[in-house]
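J.: make a model of this:
(one chain, ligands or ions: 1)
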Amino acid sequence: MVWDVSFTCDICGKKKGEANHWWMVMLGDVPCFDEGQPSQRFTLLPWNLNESRNHDMYHLCGQNCAMAAMERFMTHGTIESDLAAHSRR
Ligand SMILES: [Zn+2]
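T.: As a prediction, the model looks like this:
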């Protein structure tokens with residue numbers, strides 16, 4: 001099987017191989033209850049090839065990076081890192 005799309009972990013920058021157990025994260029809108037509360041929800045999904053092509057998805061190479069992504073989201077309200085922002089350009 002040949003990968004026509006290559007994926008990179010949005011947390012650590014690792015390239016996806018076939019055997020890796022990857023996860024996806026999607027940030028969705030929520031009603032903004034109070035000033036200063038996060039205005040997005042953090043959704044963790046099992047890897048799915050079709051959905052992985054969705055540009056709203058973040059790609060995570062495993063449990064460690066999924067935890068790192070959630071920590072970043074809870075701390076900063078975003079999981080974009082300098083690394084991810086750079087690789088998307
Ligand atoms: Zn990673």
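J.: now residue 70. Nearest residue, chain neighbours left out?
T.: residue 42 (6.1 Å; CB to CB, 6 or more residues apart in numbering). No exception for glycine: its C-beta is placed from N, CA and C like everyone else's.
J.: is that neighbour in contact with residue 75, as I believe?
T.: No - using CB atoms under 8 Å, residue 42 is not in contact with residue 75; the gap is 11.9 Å.
J.: residue 21 in helix, strand or coil?
T.: Of the three states, residue 21 takes coil under DSSP: H, G, I helix; E, B strand; the rest coil.
J.: just to revisit the earlier point, contacting residues for the residue nearest to residue 70?
T.: Counting by CB atoms under 8 Å, 6 or more residues apart in numbering, residue 42 makes contact with 25, 27, 69-70, 73-74, 79.
J.: please apply the same query to residue 16.
T.: Residues counted as contacts of residue 16 (CB under 8 Å, 6+ apart) are 3, 6-9, 22, 59, 61.
J.: so which bits of the protein are right by the ion?
T.: Contact residues (CB under 5 Å from the ion) of the chain with the ion: 9, 11-12, 14, 61, 65.
J.: closest to residue 54 out of those?
T.: Closest approach to residue 54 among the residues of the chain next to the ion (CB to CB): residue 9, at 16.2 Å.
J.: distance of the residue nearest to that closest one when sequence neighbours are not counted relative to residue 78?
T.: Distances taken as CB to CB, 6+ apart place residue 61 nearest to residue 9, at 3.9 Å, with adjacent residues excluded. Plainly put, residue 61 is 19 Å away from residue 78 if you go by CB to CB, to the nearest Å.
J.: can you pull the pLDDT of residue 41?
T.: For residue 41, the pLDDT comes out at 90.
J.: using PDB, write out every CA atom in whichever helix or strand it is part of.
T.: For residue 41, the host element (DSSP states H and E) is strand 40-46. The C-alpha trace of strand 40-46 is given here as PDB (Å, rounded to 0.1, in the frame of the first residue of the first chain):
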ATOM      1  CA  GLN A  40     -13.900  25.500  21.700                       C
ATOM      2  CA  ARG A  41     -14.300  21.900  22.500                       C
ATOM      3  CA  PHE A  42     -11.500  19.300  22.200                       C
ATOM      4  CA  THR A  43     -12.600  16.100  20.400                       C
ATOM      5  CA  LEU A  44     -10.300  13.100  20.200                       C
ATOM      6  CA  LEU A  45     -11.000  10.600  17.400                       C
ATOM      7  CA  PRO A  46      -9.400   7.300  16.400                       C
END
